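Here is a sequence with its predicted model. Questions after.
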Amino acid sequence: MTIFYFTGTGNSLWAAGIISEATGAAVVSIPQVIGEQREYKDDVIGFVYPQYAVGLPKMVRKFITQNTFSADYMFAVDLYAHIRAGALGEIAGLLPIDYGTYLKTPWNFIFALNPPRNPEAVLKNARVKLNRVIEDISARKGKRVRPSKRVGNATKYFGDGKFKITDNCTRCGMCVNVCPAENIELRDKPVFGSNCETCYACVNHCPAHAIYANNATLNRRQYRNPNVTLAEIIAGRKNQNAMPHTP
Ligand SMILES: Cc1cc2nc3c(=O)[nH]c(=O)nc-3n(C[C@H](O)[C@H](O)[C@H](O)COP(=O)(O)O)c2cc1C
């Protein structure tokens, strides 16, 4: 079994890790293999990723369309926080997903709302649901989702990487290290390219809370899954030593 995951703030890595621990699946971080063109073959292939504005992260869509996948059984776990709105249909429109399910996880999109005060409570319920998911995929249970041709990701309406930097920036390079898209370059301040995934890893991990797309973001709490370390997030990025000094 192979699980491909994409994460901004660790929820998807956490969920993929739990499924892997129970099933022995290999876990592959999509940012590390993006750009390669391969045929992935395994008995079971799964995808675990956050939902962005009711659609797939751009990199997940790109990864799926640029590679071929053959498996006896394919599953998708779509992490959301508040609104699902049939987003699983998008991945089912690209791949023959035998089992598709949503997983309610803490909110990380601090452009729009604060994350929950007690993320552990949300994660506790998610953990219970993951046990069912593990049972189901181990039994190769079917849970079809209606395929859709819709490209759901509407993050262009929500800041879409148009980030600004406050004077609190210390040029520590954290944003460069956590970016899954190698989209940030450190000059006198971080400079963003045109390849943003809107994963909010940079916004949520900045030690000075200096990265924002709207003013409200600066007053919101930052989020990372409490069971995931910063080192684990960075280990899933393509260039793990982007900056010499990781704080
Ligand atoms: C740009 C953006 C858009 C999001 N859109 C949605 C959404 O449409 N519905 C929802 O319930 N959660 C949405 N979220 C919340 C994430 O899907 C959720 O917090 C997820 O668990 C984050 O996973 P990660 O920690 O692996 O990055 C969005 C998050 C971001 C950053």
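Structure's in. What do you need? Predicted, not measured: the structure shown is a model, and the values here were computed from it.

packing partners for the longest helix along the chain?
Of all segments of type helix in the chain, defined using DSSP state H, the longest is helix 119-138. In terms of contacts (3 or more C-beta pairs under 8 Å, 6 or more residues apart in numbering; DSSP states H and E), helix 119-138 is packed against helix 11-23, strand 68-80, strand 99-104. From N, CA and C alone the C-beta is placed, and that goes for glycine too.

Can you add mean neighbour count and give those back as JSON lines?
Below are the helices and strands packed on helix 119-138 laid out as JSON lines (neighbours: other C-beta atoms under 10 Å):
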{"stretch": "helix 11-23", "mean neighbour count": "21"}
{"stretch": "strand 68-80", "mean neighbour count": "19"}
{"stretch": "strand 99-104", "mean neighbour count": "19"}
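
Dump these to JSON lines, plus distance to the ligand and mean pLDDT.
Compiled in JSON lines, the helices and strands packed on helix 119-138 are given as follows (distance: least, C-beta to the nearest ligand atom, whole Å; pLDDT from 0 to 100):
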{"stretch": "helix 11-23", "distance to the ligand": "3", "mean pLDDT": "98"}
{"stretch": "strand 68-80", "distance to the ligand": "3", "mean pLDDT": "98"}
{"stretch": "strand 99-104", "distance to the ligand": "8", "mean pLDDT": "98"}
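
right, and those - which one's nearest E135?
Between E135 and the helices and strands packed on helix 119-138, the tightest spacing by C-beta to C-beta is seen for helix 11-23, at 9.1 Å.

list the helices and strands the closest one packs on?
Helix 11-23 packs on strand 2-5, strand 26-29, strand 39-50, strand 68-80, helix 119-138, going by 3+ C-beta pairs under 8 Å, 6+ apart.

so how far is it from its chain's centroid?
Put simply, helix 11-23 sits 13 Å off its chain's centre (C-alpha atoms, centre = their mean, to the nearest Å).

ok, G24 - contacts?
M1 (C-beta atoms under 8 Å, 6 or more residues apart in numbering).

And it, how far from the ligand?
Here G24 is placed at a distance of 22 Å from the ligand (C-beta to the nearest ligand atom, to the nearest Å).

picking that back up, of all the helices and strands packed on helix 11-23, which gets the most neighbours per residue?
strand 2-5 (a mean of 23; mean count of other C-beta atoms under 10 Å).

With distance to N177 added, can I get the helices and strands packed on helix 11-23 in TSV?
Output for those, formatted as TSV (distance: least, C-beta to C-beta, whole Å):
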stretch	distance to N177
strand 2-5	18
strand 26-29	14
strand 39-50	19
strand 68-80	22
helix 119-138	22
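
looking at these, which is closest to L186?
L186 lies closest to strand 26-29 among the helices and strands packed on helix 11-23, at 22.3 Å (C-beta to C-beta).

what about that closest one, near the ligand?
No - shown here: strand 26-29 not in contact with the ligand (C-beta under 6 Å from any ligand atom), separated by at least 11.2 Å.

Adjacent strands (with direction) for that strand?
strand 2-5 (parallel) (DSSP bridges).

show me the contacts for I19.
3, 25, 46, 48, 77, 130, 133-134, 137.

Pop the domain breakdown of this structure in here.
When the chain is parsed with automatic domain parsing, its domains come out as 2-138, 156-235.

Out of the ones you listed, point me to the one whose mean pLDDT is lowest.
Of all the domains of the chain, mean pLDDT reaches its minimum on domain 156-235 (a mean of 93).
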